[in-house]
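Chemist: Here's a sequence, model it:
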Amino acid sequence: MILYGWIGSPLSQVLNKLILIRQGIIQIEGLDNQTTLTHLWLNENGIAEIQGFDNCVMLKELFLNCNKITRITGLEKMVSLEVLYL
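Modeler: Numbers count the residues shown, from 1 in each chain. Okay, the predicted model is just below:
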């Protein structure tokens with residue numbers, strides 16, 4: 001399963017918490033327009049690469065534990081990040 005954002009939908013304008021634990025997600029795409037997202041829990045999936053968070057500047061919590069991540073990059077713009085759980 002690939003996680004895509006809801007580009008252009010009314011939901012994308014108000015979404016602030018997204019919890020998708022154990023959903024078989026292997027890739028993250030399309031979250032770059034989710035500017036209101038503050039909490040994202042993607043733990044216990046099959047994600048190998050951290051990407052697609054370029055505009056998630058409001059993100060405070062990012063849970064990626066129990067995935068297949070081997071390299072951490074692309075977190076530079078997450079200036080509001082308070083919790084990163086790998």
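
Chemist: so where do the strands sit in this protein?
Modeler: Under the criterion DSSP state E, strands of the chain are mapped to 2-3, 17-19, 27-28, 39-41, 61-63, 83-85.

Chemist: on contacts alone, who are the packing partners of the last one?
Modeler: In other words, strand 83-85. strand 61-63 (3 or more C-beta pairs under 8 Å, 6 or more residues apart in numbering; DSSP states H and E). No exception for glycine: its C-beta is placed from N, CA and C like everyone else's.

Chemist: So what are the sheet partners of the strand it packs on and their directions?
Modeler: Partners of strand 61-63 in the sheet, by DSSP bridges, are strand 39-41 (parallel), strand 83-85 (parallel).

Chemist: wait, doesn't Gln51 sit right on Asp32?
Modeler: No. Counting by C-beta atoms under 8 Å, Gln51 does not reach Asp32; the two are 9.4 Å apart.

Chemist: before we move on, back to that, could I get the strands paired with strand 61-63 in a markdown table, plus columns for mean neighbour count and distance to Leu75?
Modeler: Formatted as a markdown table, the strands paired with strand 61-63 follow (neighbours: other C-beta atoms under 10 Å; distance: least, C-beta to C-beta, whole Å):
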| stretch | mean neighbour count | distance to Leu75 |
| --- | --- | --- |
| strand 39-41 | 19 | 12 |
| strand 83-85 | 12 | 7 |
